[in-house]
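> structure for the following, please:
(2 chains)
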Amino acid sequence: MYQTIKPEDRAKHVATIDSMHRNRYDVCVSQWGWDIPGIKPGYDKDQFDTDQTIYITITDPDLGRVVASTRMNPTTEPHMMSELFAHYCTLQPYPERHDTWECSRYVIDRTLYNDPLKEFKIRCSLGVGIAQYCVENGINQVSWLTHQKFFQRIQKAWKTEPLGLPVQETPDGWAWVPAVSQVDAATYARQRDRLANAEQVVSEMVQMHRQRKNPHAA
Amino acid sequence: MISDNSERVLGAIRGIQKAENPGEVINVFSPFIETFGFSHIYLSQLVNPANVPPKSIMSVSTWPDELMMLRSHRYDMLHDPIALGALRSKRPFRWRKAMQWATRRGLKVIDQAREFGINDGYMFPVHSLESVSGAVSLGGDELELSPTELSEVELVSLAAYAQLETLLGPFPYQRNIDLSVREAEVIQFAAAGKTNRDIATILDIKPDTVNKTILRAANKLGTLNRAHTVATAIAKNMIFA
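Numbering: from 1, shown residues only, chains lettered A, B, ... in the order given. Predicted coordinates:
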């Protein structure tokens, strides 16, 4: 189950937040190879971890540490899109509104889980956490810089528009798409349904994945 | 800086997202791509044709009927170098790049399209988190897209694919009964030559449980014995060979 940590509650969750920054480093730097300027070795905390940032975290009770997390920042303050990726937004200006927050560092340590169901539940829980926070706090839109695979995923699950064209700047050959998604009560309900029906959803995804594998073998 | 074409791209995406049936999607998508010189759309899920009958996958096309008739064989995808290219590509590519993967039969597939005036095209792979899930192939006569135009068409193609999958799905093969994680795990070890006792030790379960798990998997797959179950699971890509 996810935990939403608001700025006023941080003092109660010091250990969780600390574990989250370590997990983010493990995944973003050690696994994905990101070069994040200005962070300490082993600890991903950058200028967008601000006094206003909301964290959504998932702790594995068996491991006793955070295994997935994401953060949200108000777009009325400096955020990643305004400070680092404004030039990606070639289709429409990035939103800077009270009802639009930016979601970033959507991080899951996939190396910990061989079970696609468990991994899906974790990934989906983060989405539920985002939607719940938005619905309960009058946030109608979420902006994010999405990996092209993730863009197609959220395009199906949330009503989403690109803010710019796909940008391919990393050596791995994948593109990133800046996007904005609508969030409302229906989005939240849909996301909760996906989590509640995780077994069925994952069964369908695994089946599709297997059907696609290696057509040359036929 | 906002691009000159942004309103047109966003207008097409919004129109596609509002579409209530596949025809409406195509009615927005077609005029958009025509301005880039494309005349034909072939949009399809990419799945193993050995496992899934063509009628059970999403496939939307404005290809000429006669050309579709020529390509109606179940295994044609296996010889289509452009479809194979989509499985290997992260980003959109021009059809001609896929010629490197063409077999003799694959070249025939290309020639068939040329006979209908579809001489050039671009392929837009559609990725899911785990793999390529499908592709949008757009053809025309003589095409030359700038990188910006290619990205514009890509975004609208992705929106069309997502909307069509939502409108037309879920598909029969997506509802197939699947092996559970434990069943697949046990069969995987059986495929590696392990005995029930070995598997029980590895997975820390009772040998009797291993046996029951294999029987349950065999029942699902309609197989007759252990070897048949392993062979079927491999053939259906349910476990690694």
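
> what helices or strands is the host helix or strand of B:Leu164 leaning on?
Element membership for B:Leu164, per DSSP states H and E: helix B:147-168. Under the contact definition 3 or more C-beta pairs under 8 Å, 6 or more residues apart in numbering or on different chains; DSSP states H and E, helix B:147-168 sits against helix A:148-157, helix B:6-18, helix B:22-34, strand B:38-45, strand B:120-127, strand B:132-140. (C-beta placed from N, C-alpha, C; glycine too.)

> what's around A:Ser69, how many residues?
A:Ser69 is flanked by 28 other residues according to other C-beta atoms under 10 Å in any protein chain shown.

> wait, B:Arg88
Neighbour count of B:Arg88, defined by other C-beta under 10 Å: 11.

> can you pull the contacts of it?
Neighbouring residues of B:Arg88 by C-beta atoms under 8 Å, 6 or more residues apart in numbering or on different chains: B:Trp101.

> ok, it to chain A distance?
Between B:Arg88 and chain A the computed distance is 11 Å (C-beta to the nearest C-beta, to the nearest Å).

> one step back: how far does the helix holding B:Leu164 sit from the chain's center?
Offset of helix B:147-168 from its chain centre (C-alpha atoms, centre = their mean, to the nearest Å): 15 Å.

> at the geometric centre of chain B, which residue do we find?
Nearest to the geometric centre of chain B sits B:Leu46, at 1.3 Å (C-alpha atoms, centre = their mean).

> my guess is that residue meets B:Ser89, correct?
No: B:Leu46 is beyond contact range of B:Ser89, at 11.3 Å (criterion: C-beta atoms under 8 Å).

> identify all contacting residues around whatever helix or strand A:Ile122 lives in.
Here A:Ile122, judged by DSSP H and E, is contained in helix A:116-136. With C-beta under 8 Å, 6+ apart as the test, helix A:116-136 has contacts from A:1-2, A:4, A:54, A:56, A:58, A:67-70, A:72, A:101, A:103, A:106, A:108, A:110, A:113, A:139-140, A:142, A:157, A:183-185, A:187-188, A:191-192, A:194-195, A:198-199, A:201-202, A:205-206, B:181.

> can we see that at 7 Å?
Residues outside helix A:116-136 that contact it (C-beta atoms under 7 Å, 6 or more residues apart in numbering or on different chains) are A:1-2, A:4, A:54, A:56, A:58, A:67-68, A:70, A:72, A:103, A:106, A:108, A:110, A:113, A:142, A:183-185, A:187-188, A:191-192, A:194-195, A:198-199, A:201-202, A:206.

> quick one on the thing from earlier: identify the residue nearest the residue nearest to the centre of chain B in space, chain neighbours excluded?
Using C-beta to C-beta, 6 or more residues apart in numbering or on different chains and skipping the chain neighbours, the partner closest in space to B:Leu46 is B:Gly134 (5.3 Å).

> what residues are up against that neighbour?
Contacts of B:Gly134 were listed using C-beta under 7 Å, 6+ apart, and they are B:44-46, B:126, B:161.

> among those, which one sits closest to B:Asp198?
B:Leu46 (37.1 Å; C-beta to C-beta).

> pLDDT score for the closest one?
Predicted confidence (pLDDT) at B:Leu46: the value is 84.

> quick check, it in contact with B:Leu84.
No: if you go by C-beta atoms under 7 Å, B:Leu46 and B:Leu84 don't touch, sitting 9.4 Å apart.
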